[in-house]
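Asks: give me a model of this one.
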Amino acid sequence: MLGCVSGQLREDILMHTGRDCLYFIDRGTVAIYSESGKEICHLEDGDFFGEIALVMKHHFRTASAIAVTNCELFRLDREHFETTIAYYPTVYNSIKEVATSRFDRTSVLDEHHKAELRTAEEDNMVA
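Replies: Next up is the predicted model:
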């Protein structure tokens, strides 16, 4: 059910926009970046990412993940995720709470970053 994604090296792109699976970090550090390229956070051993695309209907993956250090990851694809959570609704609710919180935070940070980029671009046009 869990697929091991072995030997992810530092600076490898681990998650692209549009893919729908959940990753668990067994070992290592992963940086999460917003759609506009803003670094949002670092996740480490025991953390997970990729949940937004799985639990929030009509939201596609808009973040990317890059290995900060060499990593060992496990991947849970949508099909297996849906089968598993059918038996564990409490786990699903917990993951959905994390997804909602992360989505809201990422949206705010991304909008601020896009505004900063627009302002910088306008300043360059004036100069």
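Asks: show me what counts as buried in the helix ranked longest in the chain.
Replies: For the chain, the helix that runs over the most residues, judged by DSSP state H, is helix 89-126. Residues 92, 95-96, 98-99, 102-103, 106, 109-110, 113 are the ones in helix 89-126 that count as buried (16 or more other CB atoms under 10 Å). Quick note: C-beta positions are derived from backbone N, CA and C, even for glycine.
Asks: residue contacts, His42?
Replies: Listed by CB atoms under 8 Å, 6 or more residues apart in numbering, the contact partners of His42 are 29-32, 68.
Asks: now with 7 Å, please.
Replies: 29-31, 68 (CB atoms under 7 Å, 6 or more residues apart in numbering).
Asks: neighbour-wise, which of these leads?
Replies: When neighbours are taken as other CB atoms under 10 Å, the top entry among these is Val30 (24 neighbours).
Asks: okay, stretch 98-113 in PDB with CA atoms only?
Replies: The C-alpha trace of stretch 98-113 is given here as PDB (Å, rounded to 0.1, in the frame of the first residue of the first chain):
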ATOM      1  CA  VAL A  98      -4.100  20.000   8.600                       C
ATOM      2  CA  ALA A  99      -4.900  20.400   4.900                       C
ATOM      3  CA  THR A 100      -7.300  23.200   5.500                       C
ATOM      4  CA  SER A 101      -4.900  25.100   7.800                       C
ATOM      5  CA  ARG A 102      -2.000  24.700   5.400                       C
ATOM      6  CA  PHE A 103      -4.100  25.700   2.400                       C
ATOM      7  CA  ASP A 104      -5.300  28.900   4.100                       C
ATOM      8  CA  ARG A 105      -1.700  29.800   5.200                       C
ATOM      9  CA  THR A 106      -0.200  29.000   1.800                       C
ATOM     10  CA  SER A 107      -2.900  31.100   0.000                       C
ATOM     11  CA  VAL A 108      -2.200  34.100   2.200                       C
ATOM     12  CA  LEU A 109       1.600  33.800   1.900                       C
ATOM     13  CA  ASP A 110       1.300  33.300  -1.900                       C
ATOM     14  CA  GLU A 111      -0.900  36.400  -2.400                       C
ATOM     15  CA  HIS A 112       1.500  38.500  -0.400                       C
ATOM     16  CA  HIS A 113       4.400  37.100  -2.400                       C
END
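Asks: many thanks, I have nothing further to ask.
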